[in-house]
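# The following comprises the amino acid sequence and a computationally predicted model.
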Amino acid sequence: MLEKFRATATQIGQIIVGKPLQIRQSLTCLLAGGHLLIEDAPGVGKTTMAHAIAVSMGLPFRRIQFTSDLLPSDVIGVSVYERNSGQFIFHPGPIFTEVLLADEINRASPKTQSALLEAMEESQVSTDGLSRPLPQPFFVIATQNPLHQVGTFPLPESQLDRFLMCISLGYPDRAAERSLLAGEARRDMMKSLDATARPADLLAAQAEAKKVYVSAALLDYVQALIAHTRASGKYAEGLSPRGGLALLAAARAWAWLDGREHVIPEDVQNIMPCVAGHRLHATSRESGRALHGKELVSQLIGAVPVP
């Protein structure tokens, strides 16, 4: 099973060149059963990466281009009255898929953004007084542009907390960019991709990752990290219980990808910037500037000793 995921990472790496860490982070999020937010400037490969993950995992894939005039019914679906039957018939929206790419999610209004909340938390949507389950596995990959760009709406805290991980691709290094410039167009390469795993493989791998052992000492370390965010006074709000569970689930998945059956403190430290960076905000500025989430996480890891 592990070999299939390593083959998946290798194949995605042929499309997204020079980003092995971000590819592993994305697969970790998928294995942990969470949702992924990719935040970066336009044109660095956010959408391409989401598509490559879906194709490589053999998962049905739908894309929604979020815009300011997108309505919640455009995401969830709508009931239409049919004269012949005399009934309202529900027509499912694009959210009824296994991998949903919410492209440029912060260009939509908060009302439309909130349409994803129930789906991301409970894998179902409620319409017309009925709860409609979503296919399993269900995985949201959302991309967003930096907030300083024109036409963006910041995601509400409640929705940010639904994303298990938030990553940034960044610009490619010189060698990777040379490969992109001199090689075949990535969109053409995407057409020749084959699935390296099946949905059943993903469900089995997720079940295996949940069984990775976490010792009492490791739980003490995780609780110490969480407690520091709540008691130190450096953070506007501490990590929520959901954030703590996300941290543990991602650490288990990271260890599983290493081929280990137990979690070590380095697993927690490796994934914490992606899990906690978008959840933590500073109460004050240092040197006249606001600290970013990953800087706060770096300070947090340095402040809490490993037991």
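Happy to help now that I have it. Numbering: from 1, shown residues only.
# residues near G293, how many?
For G293, the neighbour count with other C-beta atoms under 10 Å is 17. Using the backbone N, CA and C atoms, a C-beta is placed for each residue, glycine as well.
# surely it meets V275?
No. G293 is beyond contact range of V275, at 10.2 Å (criterion: C-beta atoms under 8 Å).
# any idea which residue sits dead centre in the protein?
In the chain, the residue lying closest to the centroid (C-alpha atoms, centre = their mean) is L36, at 0.7 Å.
# In space, what's closest to that residue - neighbours in sequence excluded?
C29 (4.5 Å; C-beta to C-beta, 6 or more residues apart in numbering).
# that older thread, please report phi then psi for the residue nearest to the centre of the chain.
phi -120, psi 130 (degrees, to the nearest 10).
# For the closest residue to A231 other than its chain neighbours, list the residues it contacts.
Once flanking residues are discounted, A231 sits nearest to G238: 7.6 Å by C-beta to C-beta, 6+ apart. For G238, the contacting residues are 226-227, 229-231, by C-beta atoms under 8 Å, 6 or more residues apart in numbering.
# Cross those against helices and list the overlap.
Residues of the contacts of G238 located in helices (DSSP state H): 226-227, 229-231.
# now those residues: which count as buried?
Buried members of the ones in helices among the contacts of G238, counted by 16 or more other C-beta atoms under 10 Å: 226, 229.
# Turn the ones in helices among the contacts of G238 into a markdown table, columns for pLDDT and distance to H262.
As requested, those are exported to a markdown table (pLDDT from 0 to 100; distance: C-beta to C-beta, whole Å):
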| residue | pLDDT | distance to H262 |
| --- | --- | --- |
| I226 | 93 | 20 |
| A227 | 92 | 23 |
| T229 | 89 | 25 |
| R230 | 89 | 27 |
| A231 | 87 | 29 |
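# Among the ones in helices among the contacts of G238, pick out the one closest to T67, please.
T229 (35.3 Å; C-beta to C-beta).
# quick one: that closest one and L300 touch, right?
Yes. Counting by C-beta under 8 Å, T229 does reach L300; the two are 6.5 Å apart.
# and for the strand or helix carrying I64, what are the contacting residues?
Assigned by DSSP states H and E, I64 falls within strand 61-65. Contacts with strand 61-65, where a contact means C-beta under 8 Å, 6+ apart, come from 47, 51, 54-55, 70, 74-75, 94-95, 97-104.
# same question, stretch 115-133
Counting by C-beta under 8 Å, 6+ apart, 35, 72, 75-77, 79, 88, 90, 92, 95-96, 102, 105, 134, 136, 138, 140, 158-159, 162-163 sit against stretch 115-133.
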